[in-house]
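Participant: Sequence isn't available, so here's the structure alone:
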């Protein structure tokens, strides 16, 4: 059976989580943490004079002894294993670890032979072309895939927002994941590279902030579990508020209604504990709108970054970008996040319009700018879903770089991945 008759494998590697599955599916088959537990107990040992073969075999076994995802996190308290996070802030930093990660994804999780399936991988908007070459080398040389397409996450997220027959491939993608938040303008499927903005505030920072707030308040959370509990509190209880001062008042007036209880057991001793979840419920998502409450290094709110990004784009696409601001990634899933972002951007746009009318002496009436922030059910794994949609179109296979092309021209072909008809 020809590989083009089989569904393509879609893998979206994020800083915090990797989503993987087959093209044409609505949801990924697996969502696992992007982490590898390596057995490094063998490193640093010198070879004995006798029994070199046995030493070599032990080294090979140690090299094969690794775990990924939840299994890797379960090994974090073991002295024999070291946790390695191959992706930092959207960029692959450790290629050896990443290759092992992909190996387990394909053979242990998806249980497929990579030689029989075309592959769609995703990359961050600011990835260097050399990284695409490394990806191509690993996929064609190690896994021997018949075809590869490397798509930018923002383009896929834009495609995910439209399940109708016509895809609207002009819009602005706000992709807030675990390691980085990117604001990426896309016009007709092509990224406007000069206008991309990135923010060093994302899901992991919000987890750290919740952990910090709970620690400062003196909650009895075991230190070794505090970050994991902070992450789960963030995912389960946090929401976006309209006015931070009013929200403080509500919590103080009716603590029984707003303060939640968290109960758990210490992962090491098994002793039960319970703690209160208070102001951090609305303060964590507020970091996107008032970043100064978390860090003094970066103080530009997300609505301002979005507005600046659109204003730096070509003038003829600005209205279309304002009209289609698409949310993507787990850190945009907070309740009312979409409404708050739309309100704040609209305020900035309206203020600028009225200021420009005043400057003209009231002679020229500007046409109102429509601001629309789009959320959808697939928002959490929008990038993967967009990849699944596009990889199930017939044009996808023609756009892929094939093994034959790779052998003829080398890894440089992976630098450019054309926008194909299914995207337009």
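Facilitator: Noted; the coordinates are in hand. The structure displayed is predicted, hence computed values, not measured ones.
Participant: buried set for the longest helix that the chain contains?
Facilitator: Longest helix in the chain, counting residues (DSSP state H): helix 337-359. Buried residues in helix 337-359, counted by 16 or more other Cβ atoms under 10 Å: 337, 338, 340, 341, 342, 344, 345, 346, 348, 349. Yep, even glycine has a C-beta here, placed from its N, CA and C like the rest.
Participant: Can you give me the first-to-last residue distance of stretch 291-302?
Facilitator: 9 Å (Cα to Cα, to the nearest Å).
Participant: which other residues reach it?
Facilitator: The contact list for stretch 291-302, computed with Cβ atoms under 8 Å, 6 or more residues apart in numbering, reads 174, 181, 183, 199-201, 205, 209, 283, 286-290, 341, 344.
Participant: before we move on, what about stretch 395-407?
Facilitator: Contacting residues not belonging to stretch 395-407 are listed as 4, 8, 23, 118, 120, 136, 140, 144-149, 390, 413-414, 417-418, 420-422 [Cβ under 8 Å, 6+ apart].
Participant: got it, and stretch 326-337?
Facilitator: With Cβ under 8 Å, 6+ apart, stretch 326-337 has contacts from 14, 16-17, 153-154, 157-158, 160-161, 171-178, 181, 202-203, 206, 235, 238-242, 285, 288, 338, 341, 373-375, 379-380, 382-383.
Participant: Enumerate the positions of it that are buried.
Facilitator: If you call a residue buried by 16+ other Cβ under 10 Å, then stretch 326-337 has these buried ones: 326, 327, 328, 329, 330, 331, 332, 333, 334, 337.
Participant: Next step: the contacts of stretch 395-407 restricted to strands.
Facilitator: 120, 147, 148, 149 (DSSP state E).
Participant: Would you confirm that the last one contacts residue 119?
Facilitator: Going back to what we said before, that points to residue 149. Yes: applying Cβ atoms under 8 Å, one finds residue 149 in contact with residue 119, separated by 7.3 Å.
Participant: mind checking pLDDT for residue 56?
Facilitator: pLDDT for residue 56: 46.
Participant: what do you get for residue 189?
Facilitator: On pLDDT, residue 189 comes in at 82.
Participant: Pull up the gap between it and residue 390, please.
Facilitator: Distance of residue 189 to residue 390, computed by Cβ to Cβ, to the nearest Å: 10 Å.
Participant: Neighbour count for those two, which is higher?
Facilitator: Neighbour count, other Cβ atoms under 10 Å: between residue 189 and residue 390, residue 390 has more, with 25 against 19.
Participant: what is the mean pLDDT for stretch 214-229?
Facilitator: The model assigns stretch 214-229 a mean pLDDT of 86.
Participant: Off-centre distance for that stretch?
Facilitator: Relative to the mean C-alpha coordinate of its chain, stretch 214-229 is positioned 25 Å out (Cα atoms, centre = their mean, to the nearest Å).
Participant: try stretch 390-403
Facilitator: 23 Å.
Participant: now stretch 179-187
Facilitator: Computed by Cα atoms, centre = their mean, the chain-centroid distance of stretch 179-187 equals 11 Å.
Participant: Same question for stretch 189-202.
Facilitator: For stretch 189-202, the distance to the chain centre is 13 Å (Cα atoms, centre = their mean).
Participant: now do stretch 206-221
Facilitator: Distance, centroid of stretch 206-221 to centroid of chain: 24 Å (Cα atoms, centre = their mean).
Participant: And that stretch, what's buried?
Facilitator: Of all the residues in stretch 206-221, those buried under the rule 16+ other Cβ under 10 Å are 206, 207, 208, 209, 210, 211, 213, 214, 219, 221.
Participant: Ok, stretch 410-419 next?
Facilitator: Neighbour-count burial for stretch 410-419 [16+ other Cβ under 10 Å]: 411, 413, 414, 417, 419.
Participant: Any regions of the stretch 301-424 of the chain where pLDDT drops low?
Facilitator: The model of the stretch 301-424 of the chain has pLDDT under 70 over residues 362, 420-424.
Participant: hmm, 80 instead?
Facilitator: 360-366, 419-424 (pLDDT under 80).
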